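Engineer: Turn this into a structure:
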Amino acid sequence: MPFLATTSVDKMAGPYARRWWALLVLCLSLLIVVMANTSLIVAAPDMTTDLGLSSSDLQWVIDGYTVPYAALMLVLGSIGDKYSRRGALITGLVIFAGGSVMGSLVEETGLVITARAIMGVGAAVVMPATLSLLVAIFPRAERAKAITAWTATSGLAIAVGPLVAGWLLEDYAWGSTFLINIPIAVVAVVGALALVPPSKAEGMGRIDYVGGLLSIVSVGSLVYATIEGPHFGWGAGPVTAAVVAGVGLLAFVVWELRHPHPMLDVRKFRLRPFSGSMLAVLFFFFGTFGAIYYSTQFLQFVLGYDALETGVRLLPLAGAVFAGAAATGRLTPKLGVKAMVTAGMVIGTVGVFLLTQVDKASAYGDFLTPMLLLGFAIGLSVSPATDTIMDSFPESELGVGGGANDTALELGGSLGIAVLGSLLGTAYRDELTDLMGGRLPAAALETAQDSVGGGLAVAEQIAKTPSGGPQQAQAVVDAVHEAFAHGVAQTSLVGGITMAAGTMIVLAVLPGRRAAAKGRPEGRSQETEAAAEEYSGTR
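Structural biologist: Residues are numbered from 1 along each chain as shown. As a prediction, the model looks like this:
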């Protein structure tokens, strides 16, 4: 057997013999691009101290990765379909590794944000390529199981990212959290050459670059406005971005409806399995990513766990993801996609609502149950939704299908972190003002209001001043903890209500149980087949 995989998928007489090893490479590639987001959560305090980051700087160190990641996936997935899905995967890994090298070496805020943006471009190539290759390599009978493993990897990265970053930060500077990506990317590139067969769409035609450009402008502007507006005020920049996003989306829809070979045929949203699954992914990651984001901050800033201790305490989340994935693999064929997706969303909603009980006396145990529920919900519902989305696309559009799924995932997560993070900041600031207004100098109060980390830094300074001392510093710490706990509870209420509303919408949109349709070439369900016929008749 040759070392390099050279036979393309379309020329194979049967299923690819080393497909499960190829899946391991795809999951490894996915792991590092998701970890790049989650690991930064625990590295942020060290970066803030070393680089002197403001609240705005830190937000863009995080989201410099998110904007290109979300905006480019649809277009880059289509390019991978056209020319080479494996080539796209390798190219994305190289770009991602290059950005990681840069991020580990620079010491200026603007350059760190630039490095994160380069990594985001690489991730936007890698993520849809992993999903399109998976669907191309695996026969329909095994595809749901492979997508379940892909989904479980995403959940694993949510917990492993902080754990690995915390372990590195015990002995090394924050730059090590960038460097860890490089050997993994190298292994993934070698594995892709050796184990992942070449694949591309046959007879795809010309790429709709105008539609692609409109999608980049629309999604990028929407993510920018959502991040910048709630956190830093709706000035000219965020408002302009929001208008551009709206106009760009309308132009995209009109263009795609008129184009003979659209980037993403928006008529697919008439298909209830597709539109319901897209909404499920969007709403689900809105609530879960936001909740995990501020729960991690509580563990660090209020409960006082260091980076490694925080990472260890997120491990049950990963275990719950695998338990949910195992359950969905067994239950989805029996109960159908609608039952599993909505059940997962209900469980996730309950997990977010439990966080409304958080107060300053809460301990790790108060977060354990919500994290277990969120992890189980991820494993239970995301895989069937992703499988349904990918089943809506022909072989020539697998990269576009992966890009659509991943855009919904990343957009939902970005909106969740931005919107819920903004609500958390507002609730924290208002409560801290009520507790400490008039008891701190104006400058100190303003610093404390900026973030929970700023509040604790003010307490440290007060402890060192002759006019303050330990007792007054402790009063500030107690107020900061109480205000942040209040913010978590209030934000979780909004997040839970949003997820509950999303669950009801998905319940109404998703059609009933998918019964297996034996003998069909694509293995589609009766329901998906009927919807596709209806869709084709409308064109």
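Engineer: backbone phi and psi for Ser451, please?
Structural biologist: Main-chain torsions, Ser451, degrees, to the nearest 10: phi -170, psi 160.
Engineer: Which pLDDT value belongs to Gly487?
Structural biologist: Per-residue confidence (pLDDT) for Gly487: 93.
Engineer: Quick check, it in contact with Tyr428.
Structural biologist: Yes: with contact defined as C-beta atoms under 8 Å, Gly487 counts as touching Tyr428 (3.7 Å). Every residue, glycine included, has its C-beta placed from N, CA and C.
Engineer: pLDDT weak spots in the stretch 51-200 of the chain?
Structural biologist: Low-confidence segments of the stretch 51-200 of the chain, defined by pLDDT under 70: 55-56.
Engineer: for the stretch 351-500 of the chain, what spans make up the helices?
Structural biologist: Per DSSP state H, counting those that start in this stretch, the stretch 351-500 of the chain carries helices over the ranges 365-391, 398-415, 421-436, 442-450, 452-464, 470-509.
Engineer: what's the angle between the last one and helix 421-436?
Structural biologist: What separates the directions of helix 470-509 and helix 421-436 is an angle of 150 degrees, with axes from the mean of the first three to the mean of the last three C-alpha atoms, to 10 degrees.
Engineer: by contact count, what packs against helix 470-509?
Structural biologist: Applying 3 or more C-beta pairs under 8 Å, 6 or more residues apart in numbering; DSSP states H and E, one finds that helix 470-509 contacts helix 272-297, helix 337-354, helix 421-436, helix 452-464.
Engineer: Show me the shaky parts of this structure.
Structural biologist: Residue ranges of the chain with pLDDT under 70: 1-3, 55-56, 230-232, 513-539.
Engineer: Quick check, central residue of it?
Structural biologist: In the chain, the residue lying closest to the centroid (C-alpha atoms, centre = their mean) is Glu410, at 4.3 Å.
Engineer: That residue contacts Val67, doesn't it?
Structural biologist: No: between Glu410 and Val67 there is no contact under C-beta under 8 Å: 9.9 Å.
Engineer: Which residue, other than its chain neighbours, is closest to the residue nearest to the centre of the chain?
Structural biologist: Nearest residue to Glu410, sequence neighbours excluded (C-beta to C-beta, 6 or more residues apart in numbering): Ala70, at 4.3 Å.
Engineer: since we're on that neighbour, how many residues are nearby?
Structural biologist: Ala70 sits with 29 neighbouring residues when counted by other C-beta atoms under 10 Å.
Engineer: Val61 versus that one, what's the distance?
Structural biologist: Per C-beta to C-beta, to the nearest Å, Ala70 is found 16 Å from Val61.
Engineer: And Phe322, by the same measure?
Structural biologist: Separation of Phe322 from Val61 (C-beta to C-beta): 31 Å.
Engineer: ok, these two, which is more surrounded?
Structural biologist: Ranked by neighbour count (other C-beta under 10 Å), Phe322 and Val61 place Val61 first, with 22 against 18.
Engineer: tell me the secondary structure for the more buried one?
Structural biologist: helix (DSSP: H, G, I helix; E, B strand; the rest coil).
Engineer: mind checking how far it is from Ala291?
Structural biologist: Distance from Val61 to Ala291, by C-beta to C-beta: 21 Å.
Engineer: ok, now Ser221?
Structural biologist: Applying C-beta to C-beta, the value for Ser221 to Ala291 is 26 Å.
Engineer: same deal with Ala71?
Structural biologist: Distance of Ala71 to Ala291, computed by C-beta to C-beta: 24 Å.
Engineer: who's more crowded, those two?
Structural biologist: Neighbour count, other C-beta under 10 Å: between Ala71 and Ala291, Ala291 has more, with 29 against 26.
Engineer: hang on, Thr369 packs against Leu354?
Structural biologist: Yes: with contact defined as C-beta under 8 Å, Thr369 reaches Leu354; the gap is 6.1 Å.
Engineer: Looking only at neighbour counts, state which of those two leads.
Structural biologist: Neighbour totals were compared for Thr369 and Leu354, and Leu354 leads with 19 against 14 (other C-beta under 10 Å).
Engineer: so what's that one up against?
Structural biologist: Listed by C-beta atoms under 8 Å, 6 or more residues apart in numbering, the contact partners of Leu354 are 369-370, 373, 492.
Engineer: any idea which of the residues you listed is the one closest to Gly80?
Structural biologist: Relative to Gly80, the closest of these is Leu373; by C-beta to C-beta it sits at 35.4 Å.
Engineer: I figured that closest one was touching Val346, is that so?
Structural biologist: No: the criterion here is C-beta under 8 Å, and Leu373 misses it with Val346 at 9.9 Å.
Engineer: higher neighbour count, the two?
Structural biologist: Legend: neighbour count by other C-beta under 10 Å for Leu373 and Val346, higher for Leu373 (24 against 18).
Engineer: ok, so what distance separates the nearest residue to that one once chain neighbours are set aside from Ala280?
Structural biologist: In space, and not counting its chain neighbours, Leu373 is closest to Gly351: 3.3 Å by C-beta to C-beta, 6+ apart. Distance, Gly351 to Ala280, using C-beta to C-beta: 16 Å.
Engineer: the more surrounded of those two?
Structural biologist: Ala280 (32 against 25).
Engineer: correct me, but the more buried one touches Met345?
Structural biologist: Yes: if you go by C-beta under 8 Å, Ala280 and Met345 touch, sitting 6.5 Å apart.
Engineer: Return the set of buried residues in stretch 206-218.
Structural biologist: Buried residues in stretch 206-218, counted by 16 or more other C-beta atoms under 10 Å: 207-208, 211-218.
Engineer: So which of those residues sit within helices?
Structural biologist: Counted as lying in helices by DSSP state H, out of those, are 211-218.
Engineer: Out of those residues, which is nearest to Ala124?
Structural biologist: Ile216 (10.0 Å).
Engineer: Gly237 reaches Glu228, doesn't it?
Structural biologist: Yes: taking contacts as C-beta under 8 Å, Gly237 lies within contact range of Glu228: 6.2 Å.
Engineer: Of the two, give the one with the bigger neighbour count.
Structural biologist: Between Gly237 and Glu228, Glu228 has the larger neighbour count (other C-beta under 10 Å), namely 22 against 14.
Engineer: Which element, helix or strand, includes that one?
Structural biologist: helix 209-232 (DSSP states H and E).
Engineer: Please state the backbone phi and psi of the residue nearest to Glu410?
Structural biologist: Main-chain dihedrals, Ala70, degrees, to the nearest 10: phi -70, psi -40.
Engineer: And it, how far from Thr226?
Structural biologist: 10 Å.
Engineer: Also Thr310?
Structural biologist: With distances taken as C-beta to C-beta, Thr310 is found 26 Å from Thr226.
Engineer: Check Leu264 too.
Structural biologist: Distance of Leu264 to Thr226, given as C-beta to C-beta: 21 Å.
Engineer: How about the contacts made by Ile147?
Structural biologist: By C-beta under 8 Å, 6+ apart, Ile147 lies in contact with 131, 134-135, 383, 386-387, 390.
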